[in-house]
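[1] next one to model:
(chains A and B, ligands or ions: 2)
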Amino acid sequence: MSGLKTNNAVIRWIEYRLPIFSFLDDAVGSGYPTPRNLNYWWNFGSLAGLALVILMLTGIMLAMQYTPHVIFAFDSVERIMRDVNSGWLLRYIHMNGGSFFFIVVYIHIFRGLYYGSYKAPRELLWILGVVILLLMMATAFMGYVLPWGQMSFWGATVITNLFSAIPLIGESIVTWLWGGFAVDNPTLNRFYALHYLLPFVIVGAVVLHIWALHRFGSSNPLGIEANGPQDKIPFHPYYTAKDAFGVGVFLVLFAAIVFFAPNLFGEPDNYIPANPLSTPAHIVPEWYFLPYYAILRAIPDKLLGVVAMFGSILILFVLPWIDRSPVRSAKFRPIYKQFFWIFLADCIVLGYIGAKPPEGIFLIVGRLATAYYFLHFFIIFVLSYVERPRPLPSSIGEAVLKGGGAAPPAAMAGEKA
Amino acid sequence: MAHSASPTHSGDGETRRDFLYLAAAGFGALGTAVAVWPLIDSMNPSAEVLALSSTEVDLAPIEVGQRITVVWRGKPIFIDRRSQEAIDAARAVSVEDLPDPQADEDRVQKAEWLVMIGICTHLGCIPKGQTAGDPRGEFGGWFCPCHGSHYDTAGRIRKGPAPKNLFIPPYEFTADTALFIG
Ligand code: HEM
Ligand code: FES
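    Ligands and ions are numbered 1, 2, ... in the order given. Now for the predicted structure:
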């Protein structure tokens, strides 16, 4: 929007040749008008970006100490923990950074589900988000293999074997992935190369994601388009300040885990060096994969289990065309709102079941929860035709000012209307 | 074909141009595919991995009813010197009712010696049952704890998500008590 105003001669000199300052100002500065009513659920995008930066920085430092070889990998990680200056800190930040990345991104996704952020004209923005989720999963999976503990090895074995379910060419694909006849040194080497590469691919996808975001700007809790300047405030200083506050809260929680419970999310079995001849009694993936793992195990057929597991994510790609209701926000969709909460509960149940052995009651609950997961999408498809939404406010400004008391418009960064 | 409306004017020249476009694009695509293949193929098992592909085992010290594990191509091989009861149990079932129908006779060269790749055909865990005290599943063979697959005394899948019986590696008896795998 803005023509950049500054008296600084150096900035003007650069800006004339490379308009990077006005570019940044239009992207995350005063030149980017943003709906005035964003609530704290809109903080999680910037937090995801922060988590990605933290992971990449600590990852590069770890890479300087780590050895990708089946004989040395485990010991090199132990050396990082014991001998490298601050090595334990780098590793604990990186390990838990992965978990926090997923926490933040899952909240970000459910925010989108609740407020209908995936609807036109933001379908591509949503699809790029799902692509990022898939890339994150691949990256985290390969990172978890690097310390070469028991869970690393057996997680890698089970997950790569998923591809053997593909008819006819499955076995050759698995051999190709492994570079051998079992998970072994060639596998570890290539996973390391890809674990280093994929975060940069994620950065590329994030750039596209934000590019698509800026085409129409953020949606908002009311889910109605901003009508004009009275509905918007400049990103800087209002949302830079609000995002910075979110960063503070995030870092407090993150530090609490890194310093006081660094192995909370981990599996003790991964501190046992990999043994290709003995499978641990209970193989569990990292917590952020548990719901998918539950879906995989719920289905007693190998190929169908794998299809359902991947399908549970792929279905998100077409969600903008499943939910046909023109109303975005669940605030105005009384029935959808209830199904949203049921769906969230279902995902949590799946996560819980994924950590349990697949027998008895866990198997039954797992099957029901899996069935419901897919049923949900059918329900919201039907809902979009039968539900009667509540009346929408005519503008953001109206809704905000009516309920919000007499706060001066510029001062309220738009908490609840 | 889009230009068939004006055949007298440029029909000839236009179709030749279409052909040249297609030929150029096709040739480019083929060339790219040929150039990419070495990149993909470099990830397949290398010569030195393929070279480590046979194993010899001395069977003499194995008692009846004892199971041992050896390594072949980085994979565990289960060798089971089966008792008569185990053999009878494997042969008593009717083959058609099995998830992956195969007669016990087709899975062994000598009834006493069952030789299999000890990798669950579901997602690749090592089934339990090789050491004393392991769970052996509901059919007295092997039990995979990862997702609950039960194998019988012929290593055939009987219950659980695994689709296939445990695989049989290529092997031969080079002497009465000498086994060559590979
Ligand atoms: C998308 C961002 C990333 C995610 C989600 C991620 C995730 C992970 C996870 C879960 C582990 C296993 C931690 C453990 O149990 O020890 C790991 C290890 C590792 N990662 Fe990353 N990572 C990311 C980015 C990076 C980057 C950019 C590098 C730089 C090369 C890197 C280098 C490493 C190294 C060397 C290890 C092995 C050391 C260790 O296990 O602590 N990572 N990563
Ligand atoms: S790997 Fe054996 S049951 Fe899944």
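[2] only C-alpha atoms for contact and neighbour calcs from this point on.
    Noted.
[3] and for the residue in chain A that ligand 2 sits nearest to, nearest residue in space, chain neighbours not counted?
    Distances between chain A and ligand 2 by Cα to the nearest ligand atom are smallest at residue A:158, namely 6.6 Å. Leaving aside its sequence neighbours, residue A:158 sits nearest to residue B:123 (Cα to Cα, 6 or more residues apart in numbering or on different chains; 4.9 Å).
[4] pull the number of nearby residues for the one you found.
    Neighbour count for residue B:123, taken as other Cα atoms under 10 Å in any protein chain shown: 22.
[5] can the lowest-mean-pLDDT helix or strand in chain B be found next to chain A?
    Across the helices and strands of chain B, mean pLDDT, DSSP states H and E gives its lowest value to helix B:47-51, namely a mean of 83. Yes - applying Cα under 8 Å from any Cα of the partner chain, one finds helix B:47-51 touching chain A at B:49, B:50.
[6] and the following helix or strand past that helix, what's its mean pLDDT?
    Going down the chain from helix B:47-51, the next helix or strand is strand B:55-58, by DSSP states H and E. Averaged across strand B:55-58, the pLDDT comes to 89.
[7] sheet partners, orientation included, of strand B:55-58?
    As defined by DSSP bridges, the strand partners of strand B:55-58 come to strand B:178-181 (antiparallel).
[8] output the partner strand as PDB, nothing but the C-alphas.
    Coordinates of each C-alpha in strand B:178-181 appear next as PDB, following Å, rounded to 0.1, in the frame of the first residue of the first chain:
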ATOM      1  CA  ALA B 178      24.600 -77.800   6.700                       C
ATOM      2  CA  LEU B 179      22.300 -75.200   5.400                       C
ATOM      3  CA  PHE B 180      23.100 -72.700   2.700                       C
ATOM      4  CA  ILE B 181      20.900 -69.600   2.500                       C
END
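[9] if we can go back for a sec, got the contact list for the residue nearest to residue A:158?
    A:157, A:158, A:159, A:161, A:162, B:162 (Cα atoms under 8 Å, 6 or more residues apart in numbering or on different chains).
[10] how would you label it: helix, strand or coil?
    Three-state assignment for residue B:123 (DSSP: H, G, I helix; E, B strand; the rest coil): coil.
[11] biggest helix in chain B, by residue count?
    Ranked by residue count and defined by DSSP state H, the top helix of chain B is helix B:11-41.
[12] picking that back up, where does the residue nearest to residue A:158 fall, phi/psi-wise?
    When read as degrees, to the nearest 10, the backbone of residue B:123 gives phi -130, psi 20.
[13] quick one on the thing from earlier: how much space between the residue of chain A closest to ligand 2 and residue B:120?
    10 Å (Cα to Cα, to the nearest Å).
[14] all helices for the stretch 101-250 of chain A, in order.
    Along the stretch 101-250 of chain A, the stretches classed as helices by DSSP state H, counting those that start in this stretch are A:123-145, A:150-161, A:170-178, A:185-216, A:240-260.
[15] taking helix A:185-216 as reference, get the angle to the shortest one.
    Interaxial angle, helix A:170-178 versus helix A:185-216 (axes from the mean of the first three to the mean of the last three Cα atoms, to 10 degrees): 90 degrees.
[16] looking at residue A:158 and residue B:120 now, which is surrounded by more residues?
    Set side by side, residue A:158 and residue B:120 show more neighbours around residue B:120, with 29 against 18, by other Cα under 10 Å.
[17] how close does that one sit to residue B:159?
    Residue B:120 is 12 Å from residue B:159, where distance means Cα to Cα.
[18] common neighbours of the two, please.
    residue B:149.
[19] quick check: closest non-adjacent residue to the residue nearest the centre of chain A.
    In chain A, the residue lying closest to the centroid (Cα atoms, centre = their mean) is residue A:105, at 2.9 Å. Leaving out its chain neighbours, the residue that sits closest to residue A:105 by Cα to Cα, 6+ apart is residue A:48, at 6.1 Å.
[20] isn't that neighbour up against residue A:104?
    Yes - the pair residue A:48 and residue A:104 qualifies as a contact (Cα atoms under 8 Å) at a distance of 5.9 Å.
[21] how about the CA coordinates for the least confident helix or strand of chain B, as CSV?
    C-alpha atoms of helix B:47-51 as CSV (Å, rounded to 0.1, in the frame of the first residue of the first chain):
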residue,chain,number,x,y,z
ALA,B,47,26.9,-53.5,-5.5
GLU,B,48,28.5,-54.0,-2.1
VAL,B,49,25.1,-54.4,-0.5
LEU,B,50,24.1,-56.9,-3.1
ALA,B,51,27.3,-58.8,-2.6
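[22] which residues touch that helix?
    Contacts with helix B:47-51, where a contact means Cα under 8 Å, 6+ apart, come from residue A:180.
[23] related to what we said a few turns ago, need the contacts of residue B:123 in CSV with distance to residue A:367 and pLDDT, can you?
    Converted to CSV, those look like this (distance: Cα to Cα, whole Å; pLDDT from 0 to 100):
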residue, distance to residue A:367, pLDDT
A:157, 24, 93
A:158, 20, 91
A:159, 20, 91
A:161, 22, 91
A:162, 19, 89
B:162, 17, 90
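[24] who wins for most neighbours among the residues you listed?
    residue B:162 (27 neighbours).
[25] so that residue, which of the three states?
    coil.
[26] now do the nearest residue to it once chain neighbours are set aside against residue A:91, distance only.
    In space, and not counting its chain neighbours, residue B:162 is closest to residue B:122: 4.1 Å by Cα to Cα, 6+ apart. Residue B:122 is 33 Å from residue A:91, where distance means Cα to Cα.
[27] who's more crowded, the two?
    A direct count of neighbours by other Cα under 10 Å for residue B:122 and residue A:91 places residue B:122 higher, at 27 against 21.
[28] so what's the more buried one up against?
    The contact partners of residue B:122, taken as Cα under 8 Å, 6+ apart, are A:161, A:302, B:149, B:161, B:162, B:163, B:164.
[29] which other helices and strands does the helix or strand hosting residue A:377 contact?
    Residue A:377 is part of helix A:360-386 when elements are defined by DSSP H and E. On a contact count with 3 or more Cα pairs under 8 Å, 6 or more residues apart in numbering or on different chains; DSSP states H and E, helix A:360-386 meets helix A:290-298, helix A:319-322, helix A:334-354.
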